[in-house]
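Trainee: Below is the sequence, then the predicted model.
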Amino acid sequence: MAVSTTHAPITYATRVDKVGPRYQITRALRIIVVLLYAVISLIPVFWMVTAAFKSRPDVVAIPPKVFFTPTIEGFISLLTKRVLLPPAMVEEYKQRDDLNFAERIMAERGQRITGPSQYGQRLVNSVIIASASTVLSVLLGVLAAYAFSRFNVPGKGDLLFFILSTRMLPPVVVTIPIFLMYQQLRLYDTHLGLILLYTVFNLSFAVWLLKGFIDEIPREYEEAALVDGYSRLQAFRKVVLPQAITGIAATFVFCLIFAWNEYAFALMLTSERARTAPPSIPTVLGTGGIEWSAIAAGTLGFLIPVIIVTFALRDYLLRGVTFGALRK
Amino acid sequence: MATVELSHITKKFGSVVALNDVSFTVKDGEFFVLLGQTGAGKTTTLRVIAGLEKQNAGDVFFDGVPVNDATPAERDTAFVFQYYSLYPTMSVYDNLAFPLRAPGRNLSEAEIKQRVHEAAERVRITHLLQRSTRNLSGGEMQRVAIGRALVRRPRIFLMDEPLSNLDAKLREALRIELNRLQREAHSTTLFVTHDQIEAMTLADRVGVLRDGVLVQVGTPREIYDFPATTFVAKLVGVPRINLYDAVRTDGKIRVPDSTIELAAPPHAALPESFTLGFRPEDVQIGPDGDLTGQISLLEPLGVETIVHIRSGRHSLLSTVSGIADFSIGSEVRYRIVRERLHFFDRKTGHRLSLN
């Protein structure tokens, strides 16, 4: 309940129910449980973030080091291609004065940078493919959901079931057929190919989720807008969309996370040009021992865009995931 | 403002007939009230006029021009809904401005502002304009909804039970205000309600709907004094009309199992058995009454007292102004105003014309 700011402030000191011992104890218990859960969930993230900044010996140290000297070695090895210098040449290489900051750090490890790695390009591919497919699924999804919610589409029940049924098969089952089809259609290793595929996967989810949200918006609003002089499409845009925004945001994030994380199809259907980040991060494992800090750095870079989007939409999400329960 | 005519409108939802051959005209500047119980087809009638629902048969005319194929926007009506009428994502000001900003109206923001303020003043919500619609009370919301209808000059106002969600006091206040607004603007209004008080107080003319059929159209007075059927007679008037099965014998009207006996009206073509009706205010208690009964219950309302009089196996209602000084169980004498008796066909419930 919003309290008007023009009134004198109300003091809540008399809320006896909030000072009693029982309330204090349950509150403390709740906080402890939430904190414990948060710690457990955040340990892997903590390991990843610290590992990204650790030097090679620090990463594999047992017991794990909590305090260490941070280095950006991991990031440099993630973003570059390098060759191992023969031990005899290392000292001579270090003496050169045309080395830049990154080259100097890697020289300490006896490596010479030969060029940039493909990580950046693949992260860009991920951004393009995930965002395009998400925008497409939400856009098509919201229109389809509106139609299913408001109009007497012939065979509505069957169509909705058909849309849902596309999710009943584990997607991996169809990898090989799709691989063969994509080769025929020249969609193999193209951005368009993955965008289409992810849109298809997400669309069923988007339609069903959004239909639930739009069903909750009373028709009277649109009808009022129709009577007020707007067309159906304008009423949809001005009256329905603003109210469906929480649902749209929630659907957007779910679709984005799916497309962003997808691994199996990306591995099968791309090679060079359109390869996304998920199948390429493990390739850092590569040569001469496991580069844990590079992997951690890669994963960190991979996480950041999703975190930004989720954080930007957090207000809508909180209301969105509890839809139905909190409205009115 | 316009004259709106419905001609032989039939509307079905699947196998349910919501409106069955409904015809009536709302004249220019008239306040027409559709009265009926839930499910009678009142809201459907409004929706057909607004173009939100398409009739299966019949025509809608605005000023004599058929509008059957016109979109809701082209019909240019203003609709006040029972629920959910305000856009929740907009402020009160934007809610009022919304109809004016519709494409095709091409109004400047300055003009919109002026008209919004005019309308806000008329429904007394100027102080609410900057508020979000979320924090309004029920009465304020309905005022804003009415303001949103007033802000443009529609051809007809369609109001779907706008007062029924409000508490009694507020309903009364807003009813009076609506009455004032309509008289000032002479706006053509079709108002739907299940509340006979609203119908009687607001209407120039009332149409009574029952199960999709228009039973009677007339002024409130005609509806009250000459109800076309027993249904209409029972629907209007509080306390309800007294209705009994009666017979005509030897020039007298008798209600079996009671002491009620009246002289039959002269020259009357009354059948042998029929339904007799008389309103409680026409049962006048007094020492010179020709009928007697026992008081079985008293309902003092302050303004008047409803007196239940037992007569044989029947009980009839009478009203006495003020708080009546009777005791339960005592004998009373009363008379029934003979000029104001109602006669209905016992089978069909239709009013019997005596001339």
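Mentor: That came in fine, so what should we check first? Numbers count the residues shown, from 1 in each chain, chains lettered A, B, ... in the order given.
Trainee: switch to C-alpha atoms for all contacts and neighbour counts from now on
Mentor: Will do.
Trainee: Could you measure from the closest residue to chain B within the stretch 101-250 of chain A over to A:Leu209?
Mentor: Residue nearest to chain B within the stretch 101-250 of chain A: A:Gly229 (3.9 Å; Cα to the nearest Cα). Distance, A:Gly229 to A:Leu209, by Cα to Cα, to the nearest Å: 30 Å.
Trainee: Kindly state the pLDDT recorded for B:Pro287?
Mentor: Note on B:Pro287: pLDDT of 90.
Trainee: typo on my end, A:Lys18
Mentor: pLDDT at A:Lys18 comes out at 68.
Trainee: same check, this time on B:Thr249
Mentor: As predicted, B:Thr249 sits at a pLDDT of 85.
Trainee: What values do phi and psi take at it?
Mentor: The phi/psi pair for B:Thr249 (degrees, to the nearest 10) reads phi -140, psi 140.
Trainee: What of B:Leu262?
Mentor: B:Leu262 has phi and psi values of phi -130, psi 150 when expressed as degrees, to the nearest 10.
Trainee: Quickly note the distance from it to B:Ile253.
Mentor: In terms of Cα to Cα, B:Leu262 sits 5 Å off from B:Ile253.
Trainee: Between these two, point out the one with more neighbours.
Mentor: B:Ile253 (21 against 18; other Cα atoms under 10 Å in any protein chain shown).
Trainee: Now the more buried one: which helix or strand?
Mentor: In this structure, B:Ile253 sits in strand B:252-254 according to DSSP states H and E.
Trainee: Tell me which other helices or strands that strand touches.
Mentor: strand B:242-249, strand B:261-263 (3 or more Cα pairs under 8 Å, 6 or more residues apart in numbering or on different chains; DSSP states H and E).
Trainee: Spell out which strands sit alongside the shortest one in the sheet and which way each one runs.
Mentor: For strand B:261-263, the pairing partners within the sheet under DSSP bridges are strand B:252-254 (antiparallel).
Trainee: tell me how far the partner strand is from the chain's mean position?
Mentor: How far strand B:252-254 lies from its chain's middle: 33 Å, per Cα atoms, centre = their mean, to the nearest Å.
Trainee: How about stretch B:6-21?
Mentor: Distance of stretch B:6-21 from the chain centroid (Cα atoms, centre = their mean) equals 21 Å.
Trainee: Provide a list of residue ranges in the stretch 201-328 of chain A with pLDDT below threshold.
Mentor: Along the stretch 201-328 of chain A, the model assigns pLDDT under 70 to residues A:284-289, A:319-328.
Trainee: how about 50 then?
Mentor: A:322-328 (pLDDT under 50).
Trainee: Single out the residue in the stretch 1-150 of chain B that lies closest to chain A.
Mentor: Of all residues in the stretch 1-150 of chain B, B:Ala73 sits closest to chain A, at 3.9 Å by Cα to the nearest Cα.
Trainee: That residue belongs to a strand, doesn't it?
Mentor: No: counting by DSSP: H, G, I helix; E, B strand; the rest coil, B:Ala73 is not part of a strand but helix.
Trainee: The most far-flung residue of chain A relative to its centre and chain B: what is the separation?
Mentor: Residue farthest from the centre of chain A, counting by Cα atoms, centre = their mean, is A:Ala88 at 45.9 Å. As judged by Cα to the nearest Cα, to the nearest Å, A:Ala88 and chain B stand 72 Å apart.
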